[in-house]
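A.B. asks: coordinates for the following, if possible.
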Amino acid sequence: MSDLLRAVVDPQSIAIIGASDNPNKIGGRPILFMQRHGYRGTIYPVNPMRAEVQGIKSYPSVADLPEAPDLAFVAVAGEEAVRAVEACAARGVKAAVVIASGFGEVDDAGRVTQRAMVESARRSGMRIIGPNTQGLANFGTGAITSFSTMFIEMPPEDGPVAVISQSGGMCATTYGLLRADGIGVRHAHATGNEADVTVAELAWAVAQDPGVKLILLYMESIADPDMLARAARMARERDVPIVAIKAGRSVRGQQAASSHTGALANEDRVVDAFFRQHGIWRVPDPQTLAAAAPMYLKGWRPDGRRLVVVSNSGASCVMGADVAEDLDLSLAPLSAATRSALAAKLPGFAATGNPIDITAALLSNSGLFGDVLPIIARDPAADLFFIHIPVSGTGYDVPAFARDTANFAAATGKPVAVAAWQAPVAAVFRAAGVPTYANEAAALGAIAQLVDHTALLRRSSVDWPDDMPVALPDVAAPFLNEADSLALLQTRGLPVIAHRLCRDRNAVGAAFDAIGGPVAVKACSADVPHKSEHGLVALNVASAAAAMDCFDSQWARLAAMKASRDGVIVAAMSRGRREFVVGARLDPVFGPVVMVGDGGKYVEALKDFVLLLPPFDADAVKRALRRLHIAPLLDGVRGEPPLEVDALADVAVAVGRLIRAARGAIASIDLNPVLVGAVGEGATIVDALVERGRGDG
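C.D. replies: From the prediction side, this is the model:
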């Protein structure tokens, strides 16, 4: 961690500019919090009107401080905040938390002022958090430069979770949800407008804290994906899961984010692909962000997804099975020995399969949980356990249930979640250290998240070798013509359709004879990237004479359009089994992005595609294909053979390597259709369009 970021998350001295004697004011809260929660560093209140603030000697200005503090909390507004930042930079302060709003989140003038403030800080090497931020809090050291009311409503307790958020409100909400569940929080940092320091940088910093076991993020934009990838890599090395909200999925959400923190929008599907690539689990809201924390913090990393459901209600067993199926959690097939041992302990009318219905006999025999749980713990098919207690309380030995469940979880080392909607019952289980939820959907959702996130984190990373540089034809048009596009793909070993480029009638006739009919005849012009819309494609041409007539009409059509006449392509007609699309483009934030999906003329209307970020391998492509709506067709239906997905995956990998190797010289690649045959029949690229980029190749 750099010294500057260390000054942000673990400062040894803090100046409060605009310090207030009133602990309920913005300039008073940090002093109250730090004195209350044992900050061991030095606090320097700065207030020219007071000699002392909350019992601490005050100074008239930053220049009058006896040393340059690590961190400054700027609790003044407008131009005064800008001048305070300049004074901090001049004094040698390492970092400043700027609370004031009215900057980049408001208008162009605010963005100009914000940019100038950051440039002033950078000239002296000072970092800025904010502006428009609620501040920072490290409850491990008591360094709290935040004015959040939540720290009063839900008193802090140091713990293994770090919460980092662009939004102060979401930071406080997530912190509050964790504390309500009895979970301690080490870091609670809000970055606001991110004029300088970002969520990604702070995630990288806290990932190095040995006391942190889980990182929760809220972002409205991802301005520095390389740093976020670096943070994710470090967290993964330490077995610290990262769970994130990326808000602004919708157009209106993106507009709201812009007015909130001045955040720039990221394309949502690309964000999903980036998170998958780096093992970050994405969730939709702060409740879900915090919900699985008890599961992660147990250190459980499940190897399978076979579930055992236990309840004292038959209806709860049924509903648990339903939710499990929705989440793709299979019910473990219990062995005959397990079922026989259960039958010896449970009433004769109890269900001993899976789900296991203990029945209302639990009321008269509180030891049933203690009898049942060790039995199912021994079954080798069981990976996960869900216990639902819809009815309990007076007459039930709830503490015994909780103790038995906690002992069971400790003995198996496998994930266990309890659903208990009655607050007093849930409180007893939580006090015993058992992850407990209000209903089966929440409990099983947390289990499924843990299972799926663990599988994501266990996927091995992929490295691509350095490929040969890409050389594009030296022409000025923004697109390569189809012949040049196909030729470029051929040099990279991709399976393109058999074809010839012809510039006269006789060459067309010879091409027809060489390829064999029927053929496709397509005008080739760098000025006309989309030929079908202009009647420049003829399919299933059955004779050489007909092919030559197509040449004449297309040649004349290009002349009428005043388009370059690069030739006419005569290509074999490939049938295949299914049309797919494979594409790639340069994202302005994330770099190369590869698309694979259902192809043909409806690709833009149906949008059934998945995205991958390089580097990736064929297995990653095949997993991604299983997320398509047409995924069931890959295995063959109604007697059809399964498709050659291996060949399609190889095309996607090759396209990704090509656009990466181009280093900006290629802006996009569009292969549609890619015809995929049955297993053993391979894949064929029928049409290709390559767009030039602005790189140097």
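A.B. asks: list the contacts of residue 269.
C.D. replies: Contacts for residue 269 (C-beta atoms under 8 Å, 6 or more residues apart in numbering) come out as residue 611. Backbone N, C-alpha and C define where each C-beta goes, glycine included.
A.B. asks: one more time with 10 Å, if that's ok
C.D. replies: Listed by C-beta atoms under 10 Å, 6 or more residues apart in numbering, the contact set of residue 269 reads 249, 593, 595, 607, 609-611.
A.B. asks: only the buried residues of the helix or strand it falls within, if you could.
C.D. replies: Secondary structure from DSSP states H and E places residue 269 in helix 268-277. Within helix 268-277, the residues that count as buried by 16 or more other C-beta atoms under 10 Å are 270-277.
A.B. asks: off-centre distance for the helix or strand hosting residue 445?
C.D. replies: Assigning secondary structure by DSSP H and E places residue 445 in helix 440-458. Centroid separation between helix 440-458 and its chain, computed with C-alpha atoms, centre = their mean, to the nearest Å, is 15 Å.
A.B. asks: using PDB, write out every CA atom in that helix.
C.D. replies: Written as PDB, here are the backbone C-alpha positions of helix 440-458 (Å, rounded to 0.1, in the frame of the first residue of the first chain):
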ATOM      1  CA  GLU A 440     -36.500 -19.700   3.200                       C
ATOM      2  CA  ALA A 441     -35.900 -17.400   0.200                       C
ATOM      3  CA  ALA A 442     -33.300 -15.300   2.100                       C
ATOM      4  CA  ALA A 443     -31.600 -18.200   3.700                       C
ATOM      5  CA  LEU A 444     -31.300 -20.300   0.600                       C
ATOM      6  CA  GLY A 445     -30.400 -17.300  -1.500                       C
ATOM      7  CA  ALA A 446     -27.400 -16.700   0.800                       C
ATOM      8  CA  ILE A 447     -26.400 -20.400   0.500                       C
ATOM      9  CA  ALA A 448     -26.700 -20.300  -3.300                       C
ATOM     10  CA  GLN A 449     -24.700 -17.100  -3.400                       C
ATOM     11  CA  LEU A 450     -21.900 -18.600  -1.300                       C
ATOM     12  CA  VAL A 451     -21.900 -21.800  -3.500                       C
ATOM     13  CA  ASP A 452     -21.800 -19.900  -6.800                       C
ATOM     14  CA  HIS A 453     -19.300 -17.300  -5.700                       C
ATOM     15  CA  THR A 454     -17.000 -20.000  -4.400                       C
ATOM     16  CA  ALA A 455     -17.200 -21.700  -7.700                       C
ATOM     17  CA  LEU A 456     -16.400 -18.400  -9.500                       C
ATOM     18  CA  LEU A 457     -13.400 -17.800  -7.300                       C
ATOM     19  CA  ARG A 458     -12.000 -21.200  -7.900                       C
END
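A.B. asks: what sits closest to residue 521 if chain neighbours are left out?
C.D. replies: With C-beta to C-beta, 6 or more residues apart in numbering as the criterion, residue 521 has its nearest non-adjacent residue at 4.0 Å, and that residue is residue 550.
A.B. asks: show me what the helix or strand where the one you found lies is packed against.
C.D. replies: In the assignment (DSSP H and E), residue 550 maps to helix 544-560. On a contact count with 3 or more C-beta pairs under 10 Å, 6 or more residues apart in numbering; DSSP states H and E, helix 544-560 meets strand 499-502, helix 505-515, strand 519-524, strand 537-541, strand 567-572.
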